[in-house]
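> following is a predicted model, sequence given first.
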Amino acid sequence: MEQKQILEEIDPEIMDRLATRREAIKKGAGASAAVMAGLKMASVPIALAVLTKDVFGQAPTVVIDALNFALTLEHLESEFYKAALGTATGTGAAAQNAAFAPVRTQVNANAKAKATLEQISQHEIAHVNFLTTTIQSLGGTPVSFTPASFDFTGGNGNGNGPFLTATTDVNVLLQAAQVFEDTGVRAYKGQAGNLMSRNEILEAALRIHSVEARHAAQIRRLRGVKSWITGNRSDITNLPAATLAAIQLSYNGEDNKFHAGKDVTGLGANNGGDDAVTAAFDEILTKEAVIFIVKDFIIGTNP
Amino acid sequence: MSDKNQTVVVAHAGQLLEANTRRQFLKAMSVGGSAVFLSGVLASCSDDDDGPTPPGGGTVTLNLGNDTGILNYAYALEQLEAAFYTRVQTGFGTSGLSSAEQAIFTDIKNHEVIHRDAFAVILGGAKIGNLTPNFSAVNFSDRTSILTTARTFEDLGVSAYNGAGKYLTSVDNLVVAGKIVSVEARHAAVIRDIINPDGRFFAGNDVVNGQGLDVVNEPSRVLDAARPFITTPIRIGTQPVA
């Protein structure tokens, strides 16, 4: 087409930068400042201008970093549940599946627990896939892991960490799952602010965040404890003191009663007191705090 | 991911005065969209029209074009939930709920009242008035009716917060909304597990899609679903701005 040839002479790469109309509408494309400047040449029709990829090309670094952080946690959770269910694949899969064989017998004997772990696993796999493709579509490089990347005993690769009994005792498996899920909720919550420049990304992250909260609630229910977090209690006991201290990191700050600068302590009067006030809100965790919590599950991590 | 609607619908004359509508026109036109005028819009304009007639007394209008409006939207939903669970608690004796279930409902009621009252504190003088609920469709002496309504409200609340987050401009407000929505999701999971303890329904395929994403709804959809339970007329004035 004659028009196309003319454009290519002006800018050989322009045809690569023109998105399809469907892509443009889907991503809410509008004319960027750069495009508007180009319009002064008067040779580029407005219809073409709004279809350039300028406006939805590479996302800000802060967005991609936040998504890769989330993707790291999703890989951790996904491989954890696969190992527990014996469905891990890829490098190191056989060892992970084998490590969790003892506890899997107990899982298989508990139909509800097994169904719950399967449903959660299905979601975590979907989250990994979703975040991976999203980061790619934003022009970023998604992090990737294999089963061999993780030490689910929490020993940073020595296989003898504080959660070793998660591989042999279903109660400890569920305790670990609870900590992963409660921590994941707080981690996503802490990143929401970093995604505000991209509405559709923020919305997707919120929709993942609420799913993780459903997971956390259900794991707690299976364990026979409340589905919400009271004060800063993990509601996990019967583990060595050092392990409980490590777990507590995921719950510190959950007793906060200040929201949008207001002290809401009084709202609990005749309405469940501090227990209810603290349980009514889940709190954020910063990326740094989360990395410190999960570092010993990801082999070779030194924050 | 949400799709941007490229058809601008003008349902009432008042929209023609809203900056947001004009903005949407331009956006829609630039990508080949269209505008639809529902019948009566142009007919309602007379030669010396001063503008749309304000709604009748008692109507609550949510102007969703700023954070205050979005928080008021959340406040409205929390009012509804708080009223529902308070009513359930009042009728525990004839509800058919087990002791364990009553303990859960008590916790949830406490949370919703606290959510409601927290928004009232945060919004201060900018808060909307008290909404009168309409629970005539709920049988508070029937455990199934109670549980079904609870599930509806919790999933709806989750979808509302998930859809509203993108409209908030202050990160502080986004964080508050975020702190609440995950608790609503915990509520939803527990209620669903009580209804169907198969180990999957807590986050079933009817609310979590193939990408692992939870339900999401725009404010207009949420209000359409909530209106049957609210006697007070409630409408959206200004549309939210993404």
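Here it is on my side, so go on.
> for residue 173, which non-adjacent residue is closest in space?
You didn't say which chain, so I picked chain A. Excluding its sequence neighbours, the residue lying closest to A:Leu173 (Cβ to Cβ, 6 or more residues apart in numbering or on different chains) is A:Ala166, at 4.7 Å. In short, each C-beta sits where N, CA and C put it, glycine included.
> chain B, not that one
In this structure, B:Asn173 finds its nearest non-sequential neighbour in B:Asp67, 4.9 Å apart by Cβ to Cβ, 6+ apart.
> residues contacting that neighbour?
Residues near B:Asp67 by Cβ atoms under 8 Å, 6 or more residues apart in numbering or on different chains: B:168-170, B:173.
> name the helix or strand for B:Arg192, please.
Element membership for B:Arg192, per DSSP states H and E: helix B:171-195.
> so which residue is dead centre in chain A?
With distances taken as Cα atoms, centre = their mean, A:Ala70 lies nearest the centre of chain A, 3.5 Å away.
> quick one on the thing from earlier: now do the residue nearest to B:Asn173 against chain A, distance only.
According to Cβ to the nearest Cβ, to the nearest Å, B:Asp67 stands 10 Å off from chain A.
> ditto for B:Asn63
Applying Cβ to the nearest Cβ, one obtains 19 Å for the distance of B:Asn63 from chain A.
> if we can go back for a sec, and the residue nearest to the centre of chain A, which helix or strand is it part of?
Using DSSP H and E, A:Ala70 sits within helix A:61-85.
> run through who's touching the next helix or strand after that helix.
Downstream of helix A:61-85, the next assigned helix or strand under DSSP H and E is helix A:93-99. When contacts are defined by Cβ under 8 Å, 6+ apart, helix A:93-99 is touched by residues A:79, A:82-83, A:86-88, A:146-148, A:150, A:152, A:159, A:167.
> helices or strands up against the helix or strand following helix A:93-99?
Note on helix A:93-99: by DSSP H and E, the next helix or strand toward the C-terminus is helix A:101-108. Helix A:101-108 sits against helix A:61-85, helix A:111-137, helix A:170-191, with contacts defined as 3 or more Cβ pairs under 8 Å, 6 or more residues apart in numbering or on different chains; DSSP states H and E.
> one more time with 6 Å
helix A:111-137, helix A:170-191 (3 or more Cβ pairs under 6 Å, 6 or more residues apart in numbering or on different chains; DSSP states H and E).
> mind listing what's buried in the last one?
Using 16 or more other Cβ atoms under 10 Å in any protein chain shown as the burial criterion, the residues of helix A:170-191 that qualify are A:170-191.
> is it true that B:Thr94 touches B:Ser141?
Yes. Contact status for B:Thr94 versus B:Ser141: in contact at 4.8 Å, counting by Cβ atoms under 6 Å.
> tell me how many other residues surround the nearest residue to A:Pro162 once chain neighbours are set aside.
Nearest non-adjacent residue to A:Pro162, counting by Cβ to Cβ, 6+ apart: A:Thr243, 3.9 Å away. Neighbour count for A:Thr243, taken as other Cβ atoms under 10 Å in any protein chain shown: 20.
> ok, A:Thr243 to chain B distance?
Separation of A:Thr243 from chain B (Cβ to the nearest Cβ): 24 Å.
> which element is that residue on?
Element membership of A:Thr243 [criterion: DSSP H and E] is helix A:241-248.
> paired strands for the helix or strand following that helix, with orientation please.
Once helix A:241-248 ends, the next helix or strand along the chain (criterion: DSSP H and E) is strand A:258-259. Counting by DSSP bridges, the strands paired with strand A:258-259 are strand A:262-263 (antiparallel).
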